[in-house]
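Asks: Sequence below, structure please.
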Amino acid sequence: MRLNQPRITPVAHGAESEAQAAVLAPLVARNTDYNIFRTMARHPGALDRFLKWASYILSRHNSLAPRTRELAILRTGYNCGSGYEWAQHVVIGRQTGLTDDEIARIKLGADAGWGAEDAAVIAACDDLTSDFFVSDARWAVLAAHFSTEQCMDLVYTIGEYTQVSMLLNSFGVQLDAGLTLDPDLDRRGA
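Replies: Numbering: from 1, shown residues only. Model prediction:
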């Protein structure tokens, strides 16, 4: 986390405009109207479009296995210094089968005892979040483990969560109740 308080205050429950209430309604119904969405609801048209793409990334239509997707999201969030993203997706990652040991090793990178497929995913995250390009050598390793669609979905997923991390960090979105900030991602006051 970069900021101790939001730069953009989340829309309070009961204080939504008609447009904000409409875009938040499906999230409220699922009890997933998290701070990220209540913050983004300040621009309801953008949130509406954002949710369509984000829903694809987190859906069964994404050709990546959920565990692989969460591995990529967590490494991307870590690389981007997004304490909020990390905290939310540690919970989701565990639900997809990532162990606490694996979650801890995500921070250490591709050389932290991963199998070849997981190491390729982490290395691709590192390429995309540092150089915005997957190197030829790393692409060849990805292509040996994943289909063309899966490679595309990996890039889409990393790109989506780089964007999400940027907005979380810049808007100052604070953790939702029940989440814990990882001390390695506490960059407030830095």
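Asks: ok, residue 4 touching residue 188?
Replies: Yes. Here residue 4 reaches residue 188: they are 5.2 Å apart, a contact under CB atoms under 8 Å. Any C-beta I mention is one placed from the backbone N, CA and C, and that applies to glycine too.
Asks: between the two, who's got more neighbours?
Replies: Comparing residue 4 with residue 188 by other CB atoms under 10 Å, the one with more neighbours is residue 188, at 13 against 9.
Asks: Relative to residue 175, how far out is the more buried one?
Replies: Between residue 188 and residue 175 the computed distance is 12 Å (CB to CB, to the nearest Å).
Asks: just residue 162 next, same as before
Replies: On the measure of CB to CB, residue 162 and residue 175 end up 20 Å apart.
Asks: name the element residue 63 belongs to?
Replies: Under the criterion DSSP states H and E, no helix or strand holds residue 63.
Asks: Could you tell me which residues make contact with it?
Replies: Shown in contact with residue 63 (CB atoms under 8 Å, 6 or more residues apart in numbering): 147, 149-150, 153.
Asks: Would you report the backbone torsion angles of it?
Replies: With angles defined as degrees, to the nearest 10, residue 63 sits at phi -80, psi -10.
Asks: What pLDDT is listed against it?
Replies: You'll see residue 63 listed with a pLDDT of 97.
Asks: before we move on, the earlier item: common neighbours of residue 188 and residue 175, please.
Replies: residue 1.
Asks: Pull the residues that contact the lengthiest helix in the chain.
Replies: Ranked by number of residues, the top helix in the chain under DSSP state H is helix 148-171. Contacts to helix 148-171, defined as CB under 8 Å, 6+ apart, come from residues 1-3, 6-8, 36, 39-40, 53-54, 57, 62-64, 68-69, 72-73, 76-77, 80-82, 84-85, 121, 124-125, 128-129, 134, 139, 142-143, 146, 173.
Asks: what is the mean pLDDT for that helix?
Replies: 98.
Asks: Can you spell out the domain ranges of the protein, please?
Replies: According to automatic domain parsing, the chain comprises the domains 9-57, 66-171.
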